[in-house]
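Asker: next comes the sequence, and after it the predicted model I'd like to discuss.
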Amino acid sequence: MAEESKNKSTITRRSAIKAIGAGAIVASGAMPRMIGYAQAQSSEPIKIGFQVHRTGIGAAYGRWYDRATTAAAKRINDMGGINGRPVEIVAEDDGTDPKRGAEVVEKFATQHNCDIAFGTLFSHVVFGSAPRAGELKIPYFVVSEGHHVASGKLNRYTLQPGITDVKSQVQAMAPYVGKNLGKKITMIYPDFAFGHDHRDFFSEAIEREGGQVVAKIAIPPTETSFTKYFPNIPRDTDVVYHVMVGPAVLTFVKELGEFFGPSRPEIFGFIDSLEAVDIASPGLEFLEGTYFWEGMPRYAQPDQSSHDKAYRAAVGVDDNGASTSDPKDISTFAHMFGCWETLNIVKRGMEAASYAGPADRTKLIEAVEAMSDMPLSDDHPQGAKQFNGKTHQTFGHQYISKVTDGKLALAHTTSIEDTLYEDEVDYTKQSF
Amino acid sequence: MFEGGENVNNLLKSPFNLVGFFAAWSVLGTTSASAHVSEQGFVLLLPTDIYVAAGCLAVVVSIIVVSLLPHAWARSIFRTTKIQDTGISSETTVSGAEVILSIASLVLLSVLILIGIIGTRDPLANLLPLTIWTVWWIPFVMLHCLLGNLWKWSNPWTGLHVLVFGRLDQDPLIRLPAWLGVWPALLGFLSFVAFAIAYPAPTDPAILANVVLGYVLSTFVGMVVFGGEQWLSRGECFTLFFRFASTLAPFQPRETGQQLVIGLPGWKAMELLQLPVSLALFVLTLLASGSFDGLNETFWWLAQIGVNPLEFPGRSAVITPSIVGLIGANILLAGIFALSVWSGVVLAGVPDLEGYPVSFKTAFCRLALSVLPIAFVYHGSHYLISFLVNGQYVIAALSDPLANGSNYLGLENYQVTTGFLNSRDSVEQIWFSQAALIVTGHILAVLMAHCTIARLYNSRRQAFLCHIPIGVFMAAYTWFGLWLLAAPRGA
């Protein structure tokens, strides 16, 4: 009885999508898939605990992570599921709260009988949750882009195979910036860990390119007006590197534009500042001609791959990176692909490990650790990747786009080599 | 093996140890993708300083204009006009229709609680949290301010109670002592607000189901023990809450006189003459709690409690400061309001020959009602965006109430959007709507306060003097409300 009610409690909209998908497969009449469906009918679903920022400061990201995850799960189920079993997404809100994050991971492991936990974005929630995942021995696939996984501070059960980390992203910017935009850089960043990471990773990388950070301007996190800081930008600055976040970022951009007027240095920033914001918004005209890092180009490019096209169609995103149901609803395009790709990696890992249930969790981790090259494909629409099984971190191409006519036009794609750095940990040496 | 992780975990066990947490976080070399720039970014681009000043000016002008009104006019601002006779004698009478609706409400609530327990864990797909937080706590409250007391018809208790006892005002097992006033309801309301703004997971379907179930049952127990009508009026906070909300409806029945009447919003509150102190404090609690609900998200508040607004550590880490802040806001507001009233009474001085002495207590209790419009416009304004976004999830959940893939409403490719928060024009429209609501509420409060004072004092000069500190209070509160709308938020 208790078991019955537990099963009932985990019926979700997504599991229904799964059923519809399975039905479609039967209708198609393809033999191998029919076998898969027949197995699925007699098998329990693979339960993926989706730790989602439904409320709290991560909610805007959470909504799009949910859409990408739902779309990825539907596609996997449409293709016959994993090892003949349908995938069921069990979503739990963590409130973008580390303590709740740990509780949610525990629920996945002990209440919902999930096979894995997945999907966390905000780093502090990853930090709060990963130790619990390690204790409960449940694989924890994060989509956070933090350097925490590769830094060696987490554990063998925590992996980040579907999105690159900030250290590799930042250092990969240096060759392009140094060669094309200028050697003398002024960095403007919020004065806390997020900004400090950018400062440290980029300073080191640009020096390797023969460049130099001529000024480091740290802005107090509570600041909402920035003009008073701009006179500190040295006159001989070639490039202003900014990575402001929070509600005052539009004010920052506007005031920077007003400060420089028409004769400005090159400007380079991270799209994190303006993720889900329309670049063509009034007040952001100053961004025209400036450069941004993008995790995945928001606007469909002239040489758009079929994979990018298929991914957008599945998630419901148009060529401008907005929802197909509302052109003003800009997605978190530079990040959410991580959910899509991670689920596909989980699928491949489970298939390689012949995963049958929680007893095979360590086999799943070993199977993912054994992965290396992941080619550009429908599974990996963001681009090819190179997974490092030792550090549990994936590496991949980064994109630099230039704001052109109010849109982001791809200016440069980094090599994967540009993103690599020395291993800081070997998780495979840790016991389970 | 799990060295770093254990450190973090230990720190998390002590939720208030923010310094330690951030130290560990920093050492671990974290980076954080912060919340995306939404409507707040555009709000910060608006010339809100000018708008705030204009809003305050409008309220100050209203104070001056109302002070210049002839005394008799001031007293009759909230005069009502009879629409028709109703034949219904008292609000405490429970009609058959009310019993049926109340039973239906109880059945509906039971179904929702069940959905909370066995339905999807996603709070934005589960109908229990969506109904409670997005429907009941936002538009349902605001409808009371327009249409009158809907809760009287739809609360889950009166129907079953009348079915069991035959009446609502049965003899109690224990009589609530008079000195207790409405303190049980006041403390109940504060607990509810604390749950909403300080508890880490008020939207979690299972947790909410337990809380709602516990509250529904304990209220039944209270009604049986202390008497149905007595407990609903003095111990059950939402009956009081919705009664006060409905006093702002312009068109509704008068409790005595069997009439349906129309008047300026607030006329019904102006007819409440005998108000115990605890009831006056309950009204102030509505305002203070609503105000703190907005304040606790601002950069300013987060700076006070030592939290970096760009990396909010989650509700679990700020439970204690949130509760302390909530209680502090209530004490502070009651104190400031009392000081304003006391100053007014002192300024007005000894009444003239025609007058009679006005005690501080009388003035405090009667004037407390004048903050009702402010409290409810805050409510509407504060939750507007939340309603606009989560209301879309309600539609999706109604189409698929058990989250099993049903599509009863035939929605095609339905996706929730926050696109209206991504454009300056729509953000500006939303901001103006909120600001207009705030300013209108304050002007109404000014009218209520002045009418109350005009009724307390026969001398126009004394009424004018008494109104000065209250007017200052209301103008300052207008500034505070508009500042809250314009302030950057980080939680």
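Answerer: Now that the structure is in, tell me what you want to look at.

Asker: from now on I want contacts and neighbour counts done on CA atoms only, so please keep to that.
Answerer: OK.

Asker: show me where the stretch 251-400 of chain A has strands.
Answerer: Under the criterion DSSP state E, counting those that start in this stretch, strands of the stretch 251-400 of chain A are mapped to A:266-270, A:291-294, A:322-323, A:326-330, A:373-374, A:385-388, A:393-396, A:399-404.

Asker: same check, this time on the stretch 101-250 of chain A
Answerer: A:116-118, A:140-141, A:158-164, A:184-190, A:212-219, A:239-242.

Asker: and of those strands, who's closest to chain B?
Answerer: strand A:184-190 (8.7 Å; CA to the nearest CA).

Asker: could I get the average pLDDT for that closest one?
Answerer: Strand A:184-190 carries an average pLDDT of 96.

Asker: what angle separates it from strand A:266-270?
Answerer: 40 degrees (axes from the mean of the first three to the mean of the last three CA atoms, to 10 degrees).

Asker: out of the strands of the stretch 251-400 of chain A, nearest to chain B?
Answerer: Closest among these, using CA to the nearest CA: strand A:326-330, at 3.7 Å.

Asker: interface residues of the stretch 201-350 of chain A facing chain B?
Answerer: Applying CA under 8 Å from any CA of the partner chain, we find that the stretch 201-350 of chain A lies next to chain B at A:221-222, A:224, A:245-251, A:272-278, A:281-282, A:323, A:325-330.

Asker: what residues of the helix or strand containing residue B:483 count as buried?
Answerer: Following DSSP states H and E, one finds residue B:483 within helix B:460-486. Neighbour-count burial for helix B:460-486 flags B:460, B:462-471, B:473-475, B:477-486 (criterion: 16 or more other CA atoms under 10 Å in any protein chain shown).

Asker: packing partners of it?
Answerer: helix B:48-68, helix B:277-295, helix B:319-348, helix B:424-456 (3 or more CA pairs under 8 Å, 6 or more residues apart in numbering or on different chains; DSSP states H and E).

Asker: average pLDDT across it?
Answerer: pLDDT averaged over helix B:460-486 gives 94.

Asker: also stretch B:181-196?
Answerer: For stretch B:181-196, the mean per-residue pLDDT is 97.

Asker: could you see whether chain A lies near it?
Answerer: No. Using CA under 8 Å from any CA, stretch B:181-196 stays clear of chain A, coming no nearer than 12.8 Å.

Asker: what's the spacing between residue B:94 and residue B:315?
Answerer: 42 Å (CA to CA, to the nearest Å).

Asker: please say which of the two ends up with more neighbours.
Answerer: Under the criterion of other CA atoms under 10 Å in any protein chain shown, the comparison of residue B:94 against residue B:315 puts residue B:315 first, with 23 against 16.

Asker: need the contact partners of the helix or strand hosting residue A:90.
Answerer: Here residue A:90, judged by DSSP H and E, is contained in strand A:87-93. The contact list for strand A:87-93 (CA atoms under 8 Å, 6 or more residues apart in numbering or on different chains) reads A:10, A:12, A:14-15, A:18, A:45-55, A:70, A:73, A:76-77, A:81, A:104, A:112, A:114, B:120-123, B:204.

Asker: just the buried residues from the residues you listed, in ChimeraX please.
Answerer: Burial among those is assessed by 16+ other CA under 10 Å; the matching ChimeraX selection reads:
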select /A:10,12,14,15,18,45,46,47,48,49,50,51,52,53,54,55,70,73,76,77,81,104,112,114 /B:120,121,122,123,204
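
Asker: filter the contacts of strand A:87-93 down to just the ones in strands.
Answerer: For those, membership in strands holds for A:46-52, with DSSP state E as the criterion.

Asker: nearest to chain B, of those?
Answerer: Closest approach between the ones in strands among the contacts of strand A:87-93 and chain B, by CA to the nearest CA: residue A:52, at 8.9 Å.

Asker: what's the nearest residue to that closest one if we skip its chain neighbours?
Answerer: residue A:93 (5.1 Å; CA to CA, 6 or more residues apart in numbering or on different chains).

Asker: neighbours of the one you found, just the number please.
Answerer: 25.

Asker: coming back round to it: buried among the residues of the stretch 201-350 of chain A next to chain B? Make that a ChimeraX selection.
Answerer: What follows is the ChimeraX syntax selecting those of these that are buried according to 16+ other CA under 10 Å:
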select /A:221,222,224,245,246,247,248,249,250,251,272,273,274,275,276,277,278,323,325,326,327,328,329,330
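
Asker: still on that earlier bit, got the angle between the helix holding residue B:483 and helix B:319-348?
Answerer: Using the same axes, to 10 degrees: helix B:460-486 against helix B:319-348 is 160 degrees.

Asker: centre of the chain versus helix B:460-486, how much separation?
Answerer: Computed by CA atoms, centre = their mean, to the nearest Å, the separation of helix B:460-486 from the middle of its chain amounts to 20 Å.

Asker: then stretch A:79-90?
Answerer: The answer for stretch A:79-90 is 22 Å, by CA atoms, centre = their mean.

Asker: buried stuff in stretch B:59-78?
Answerer: For stretch B:59-78, burial by neighbour count (16+ other CA under 10 Å) applies to B:59-60, B:62-63, B:66-67, B:71, B:74-75, B:77-78.

Asker: just those now: which is nearest chain A?
Answerer: For these, the nearest to chain A is residue B:59 (27.8 Å; CA to the nearest CA).

Asker: what's the pLDDT at that closest one?
Answerer: Reading off the model, residue B:59 has pLDDT 95.

Asker: right, and it touches residue B:475 too?
Answerer: Yes. Counting by CA atoms under 8 Å, residue B:475 is a contact partner of residue B:59 at 6.1 Å.

Asker: so what sits against both of those two?
Answerer: Each of residue B:442 lies in contact with both residue B:59 and residue B:475 under the rule CA under 8 Å, 6+ apart.

Asker: what kind of secondary structure is the closest residue to residue A:247 other than its chain neighbours in?
Answerer: Leaving aside its sequence neighbours, residue A:247 sits nearest to residue B:41 (CA to CA, 6+ apart; 4.4 Å). Under the three-state scheme (DSSP: H, G, I helix; E, B strand; the rest coil), residue B:41 adopts helix.

Asker: need the contact list for residue B:41.
Answerer: Residue B:41 neighbours (CA under 8 Å, 6+ apart): A:246-251.

Asker: show the pLDDT at residue 283.
Answerer: Using chain A here. So, for residue A:283, pLDDT stands at 77.

Asker: actually it's chain B I care about, not the one you picked
Answerer: At residue B:283, the model reports a pLDDT of 97.

Asker: in this structure it contacts residue B:374, no?
Answerer: No. Counting by CA under 8 Å, residue B:374 is not a contact partner of residue B:283; they are 10.5 Å apart.
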